[in-house]
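Novice: when you get a sec, could you give me coordinates for this:
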Amino acid sequence: MDLYTDNTSNGHRVAIMLEECEIEYQVHKVNLRRGEQKQARFLKLNPSGRIPVIVDHDESVVLSQSVAILLYLSDKTEKFIPKDMANKAKMLEWLCFHATDIATTSGNIFYLNNSEWLGYRDAVQRLNDRIYDWYKHFDQQLSKHQYLAGDDYTIADITVFPSIMSNDMTFFEQYKHMARWRDDLLVRPAVQRGLSVI
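Specialist: Numbers count the residues shown, from 1 in each chain. Purely as a prediction, here's the structure:
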């Protein structure tokens, strides 16, 4: 399997998943700062010009979108996805919560924090408030369960973790259950390896 990626949370979650699933893979760095994701060679793999991308030579599958990749790898290996319908549904709920709400809002904040958008500080604050409100919800869930979707480590955890792991200590002082969860994941060897591939 080939992984085309850079040092981003989207790239990290796929590398962590590959490590957790014990799949052999080759890493190809796509330098986003140099615009390599927009070069013709990469666009043949993913016409939208986004990382990460995996190429599964066994199945002749080329796939982008980190959450889609995690679901694919889960199906392929039968790992990190609950077997019973109720827990699987909960896992999908948390997975989609992050993918549709947290990730898109975080992306908007990143761009609006750029100096050319200085007139949008109110919008940035409003979006930040929404995210912190959602993180309270995550923290409450983790006060009742070891992992986001319950008592089992799933792709919901692998999806969310890279997005919040680098927050500063004041963030984790507010969200002590997320801090415990982050620390639990940081000691996993596969997580450590996945974070260091690029």
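Novice: ranges for the strands of the chain?
Specialist: 2-5, 26-29, 53-56, 61-64 (DSSP state E).
Novice: who does the helix ranked longest in the chain touch, helix- and strand-wise?
Specialist: Taking DSSP state H as the criterion, the chain has its longest helix at helix 121-144. For helix 121-144, the contact count by 3 or more CB pairs under 8 Å, 6 or more residues apart in numbering; DSSP states H and E identifies helix 103-112, helix 176-186 as packing neighbours. C-beta: built from backbone N, CA, C; applies to glycine.
Novice: that one vs helix 176-186, what angle?
Specialist: Here the directions of helix 121-144 and helix 176-186 differ by 70 degrees (axes from the mean of the first three to the mean of the last three CA atoms, to 10 degrees).
Novice: highest mean neighbour count out of the helices and strands packed on helix 121-144?
Specialist: Per-stretch averages of neighbours, counted by mean count of other CB atoms under 10 Å, single out helix 176-186 among the helices and strands packed on helix 121-144, with a mean of 17.
Novice: sorry, back to before: between the strands of the chain, which gets nearest to Ala15?
Specialist: strand 2-5 (6.5 Å; CB to CB).
Novice: and the pLDDT at Gln174?
Specialist: You'll see Gln174 listed with a pLDDT of 91.
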